[in-house]
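**Q** Predicted structure and sequence below. I'll ask about it afterward.
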Number of protein chains: 2
Amino acid sequence: MELRPLDSCSTCPVEFAMNMISGKWKLLILYNLMTDGTVRFNELQRRLDTVTHRTLTRQLRELESDELINRTIYAEVPPRVEYSLTDKGKSLTSILLSLQNWGLEHMVE
Amino acid sequence: MELRPLDSCSTCPVEFAMNMISGKWKLLILYNLMTDGTVRFNELQRRLDTVTHRTLTRQLRELESDELINRTIYAEVPPRVEYSLTDKGKSLTSILLSLQNWGLEHMVE
DNA sequence: CAGGATCCGCAAAGATACTG
DNA sequence: CAGTATCTTTGCGGATCCTG
């Protein structure tokens, strides 16, 4: 596949994709869901380690409104909320792999 | 290739790659150099259309310090400065294609 | 032509406190 | 447990003016 001309920025597929994954914690969230399938809110927060409660919530809401993740609420006490990838979210794996491959080849360890 | 575990964020290849291309105009700059080879400063500014002189300079400096682009200065009057991709910069094409493919498949036109 | 210097605005992220 | 409400911070990008 070749690089296409970028007619207009508002319809640029590259920018469209970048907007989905731009966000300090988004790729880390997606990565965790890719490898583990389903993760609860607090478990996710533990794994991201330094993320604040507030910020994690926001990032999850954005991913959800972009239809990259599912949010499942269980009517229990204490409450349980589980996050998982949608098919659209799963399809981002190709981008993550592409980024990872490039990083592995060009990072000085 | 499989997704690797993300041991530590400071050594995460995905984050390393993202840091290279995060910047409002960077992918657009790289795209222009990928398709045209060598471009002068003002020509680049015309193509990005709404970018300011100041901001374009900063983005170019960052790309240069990341060794993604070459900056060639010709000792002429008026001055001439040309930008082109390094091999490292050219290798980003795979990421751009990956982003573009995803965007084309998931954008509603 | 291709910058540098200064100042400013804004959106994203963090800190902290409170809650069903 | 999984949020929401406020407030503050910060850093990127923009606006403007000056120069070899």
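**A** Sure thing, it's come through.
**Q** got the residues of chain A near DNA strand C?
**A** Where proximity means CB under 7 Å from any atom of the strand, the interface of chain A facing DNA strand C comprises A:23-25, A:50-55, A:58-59, A:78-79. Heads up, the C-betas are built off the backbone N, CA and C, glycines and all.
**Q** and with 10 Å instead?
**A** Near DNA strand C, the residues belonging to chain A are A:19, A:22-26, A:48, A:50-59, A:62, A:77-81 when assessed by CB under 10 Å from any atom of the strand.
**Q** Mark which of the residues you listed are part of strands, please.
**A** Taking DSSP state E as the definition of strands, these contribute A:80-81.
**Q** restrict the residues of chain A next to DNA strand C to those near chain B?
**A** When these are filtered against chain B using CB under 8 Å from any CB of the partner chain, the residues retained are A:Ser22.
**Q** just the helices in chain A please.
**A** Secondary structure of chain A (DSSP state H): helices at A:13-21, A:26-36, A:41-48, A:53-65, A:87-90, A:93-106.
**Q** okay, which residue is most central for chain A?
**A** A:Leu30 (3.4 Å; CA atoms, centre = their mean).
**Q** what about the closest residue to that residue other than its chain neighbours, how many neighbours?
**A** The shortest distance from A:Leu30 to any non-neighbouring residue, by CB to CB, 6 or more residues apart in numbering or on different chains, is to A:Leu92 (6.0 Å). Neighbours of A:Leu92 under the rule other CB atoms under 10 Å in any protein chain shown: 23.
**Q** Leaving out chain neighbours, which residue sits closest to the residue in chain A that DNA strand C sits nearest to?
**A** Closest approach of chain A to DNA strand C (CB to the nearest atom of the strand) occurs at A:Thr55, with a separation of 3.2 Å. Leaving out its chain neighbours, the residue that sits closest to A:Thr55 by CB to CB, 6+ apart is A:Trp25, at 6.9 Å.
**Q** Likewise for A:Glu105?
**A** Distance criterion CB to CB, 6+ apart; nearest residue to A:Glu105, sequence neighbours excluded, is B:Ser91 at 7.3 Å.
**Q** Contacts only, for the residue nearest to A:Leu30.
**A** Counting by CB atoms under 8 Å, 6 or more residues apart in numbering or on different chains, A:Leu92 touches A:20-21, A:30, A:68, B:102.
**Q** Before we move on, what's the pLDDT of the residue sitting furthest away from the middle of chain A?
**A** Among the residues of chain A, the one whose C-alpha is farthest from the average of all C-alpha positions is A:Val77, by CA atoms, centre = their mean at 28.0 Å. At A:Val77, the pLDDT value in this model is 87.
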